[in-house]
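[1] Based on what follows, work out the 3D shape:
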Amino acid sequence: MTVIDTSQPPSEPARKVADFRPSLLLGEHSLCPGCGEPVALRVLLEVLQELDIVQRTIGVVGHGCYGSFVRIMDVDVLQCLHGRAPACATGIKRVRPDCAVFTMQGDGDMANEGLQEVLHAAARGEKITCVLLNNGVFGDTGGQLTAATVLGQRTKTSLEGRDAETHGYPIPVADLVAGLRGAAYVARGAVSTAGAVAQTKRMLRRAFEAQLAGAGFSLVEILTMCPTGWFVPAPEGPGYLGDSMEQAYPLGELTTWRH
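    Residues are numbered from 1 along each chain as shown. Prediction:
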């Protein structure tokens, strides 16, 4: 048995043999420590590479913290008006049906500002893929309550926690979309654990496969951490997500399609 002395650094420095991150990531993100959105971006880019569709992919980004991703992702992307990404993506897909078109939106963008856009796109069966990054807050403007904030969740505008009588009940976007006939694939994942990340990646792949097959509209909701907006330390973000958001928004596939 060989005993390795770990009391001091090795005499031979470690060497890098491969780049672990996707080559489509051009730099480091500038989001808060513990944020889950960069993880969601990473698995999305990995799926595009694995499907070999990068050169014919067009993304449409809404307004939120993730808007900064346009500077670090090597994919054709345009940014549209708040909440209007599905409408914009519809126009792109109809003009360029050969392309894989996706949106990246937060819950404030999709559920508050543009709920009608995603519902109508799904009802029409538009062959696009929408990605909802749901952390239950308007992160980009300071952490205010959104239509997806779960009951009891503290935000800058619900300091005592969301109360149904005062603020109404949260809107489960993925569940609404899954009930529409134009929706070919709808799923809800998370990035709070390694297992959830792997599952979410499979969901994104199936969503794009549905689009490429012409099956109809697809949506993947991804529950992401926002410790800053939740008033919790960064290391506690994944646990908070599991104890609160996942209880209100169970993970899994809501609508599937057959190849």
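
[2] can you give me the strands in the stretch 101-250 of the chain?
    In the stretch 101-250 of the chain, the strands defined using DSSP state E, counting those that start in this stretch lie at 129-134, 137-138, 144-145, 183-190, 217-223.

[3] got a list of contacts for the second one?
    If I follow you right, that is strand 137-138. 64, 106-108, 112, 143-146, 149, 155-156, 226, 229-230 (CB atoms under 8 Å, 6 or more residues apart in numbering). All C-beta atoms are positioned from the backbone trio N, CA, C, and that covers glycine.

[4] Residue 34 contacts residue 227, correct?
    Yes: Residue 34 is within contact range of residue 227, at 4.2 Å (criterion: CB atoms under 8 Å).

[5] Of these two, which one has the most company?
    Comparing residue 34 with residue 227 by neighbour count (other CB atoms under 10 Å), the higher total belongs to residue 227, at 21 against 18.

[6] show me where the stretch 151-259 of the chain has helices.
    Secondary structure of the stretch 151-259 of the chain (DSSP state H, counting those that start in this stretch): helices at 164-167, 173-178, 194-212, 227-230, 237-243, 245-248.

[7] Show me the common contact partners of residue 34 and residue 227, please.
    Between them, residue 34 and residue 227 share these contacting residues under CB under 8 Å, 6+ apart: 233, 234, 237.

[8] filter those to the buried ones?
    Among these, those classed as buried by 16 or more other CB atoms under 10 Å are residue 237.

[9] Enumerate every residue touching the closest residue to residue 169 other than its chain neighbours.
    Closest residue to residue 169 apart from its sequence neighbours, by CB to CB, 6 or more residues apart in numbering: residue 151 at 7.2 Å. Counting by CB under 8 Å, 6+ apart, residue 151 touches 161, 162, 163, 164, 169, 170, 248.

[10] between these, which is closest to residue 22?
    Taking CB to CB as the measure, residue 248 is the one of those closest to residue 22, at 31.0 Å.

[11] wouldn't residue 193 be in contact with residue 238 here?
    Yes: counting by CB under 8 Å, residue 193 touches residue 238, with 6.5 Å between them.

[12] Which residue of those two possesses the greater neighbour count?
    Remark: of residue 193 and residue 238, residue 238 carries more neighbours, 18 against 13, as counted by other CB under 10 Å.

[13] just checking, that one touches residue 223?
    No: counting by CB under 8 Å, residue 238 sits too far from residue 223 to count as a contact (10.2 Å).

[14] Overlap in contacts, those two.
    Common neighbours of residue 238 and residue 223, using CB under 8 Å, 6+ apart, are residue 192.

[15] of the contacts of residue 151, closest to residue 187?
    Distance to residue 187, by CB to CB, is smallest for residue 248 among these, at 16.2 Å.

[16] how close does the closest one get to residue 83?
    Separation of residue 248 from residue 83 (CB to CB, to the nearest Å): 22 Å.

[17] Of those two, give the one with the bigger neighbour count.
    Neighbour comparison, residue 248 and residue 83: the larger count goes to residue 83, with 21 against 17 (by other CB under 10 Å).

[18] The more buried one contacts residue 112, correct?
    Yes: using CB under 8 Å, residue 83 is in contact with residue 112, at 7.3 Å.

[19] Now do the buried residues in the helix or strand containing residue 49.
    Residue 49 belongs to helix 37-50 when elements are defined using DSSP states H and E. Residues of helix 37-50 classed as buried: 37, 38, 39, 40, 41, 42, 43, 44, 45, 46, 47, 48 (neighbour count, 16+ other CB under 10 Å).

[20] and the last one, what pLDDT?
    Each residue has a pLDDT score; the one for residue 48 is 96.

[21] now do the third one
    Looking at residue 39, its pLDDT is 94.

[22] Relative to residue 218, how far out is it?
    Relative to residue 218, residue 39 is positioned 20 Å away (CB to CB).
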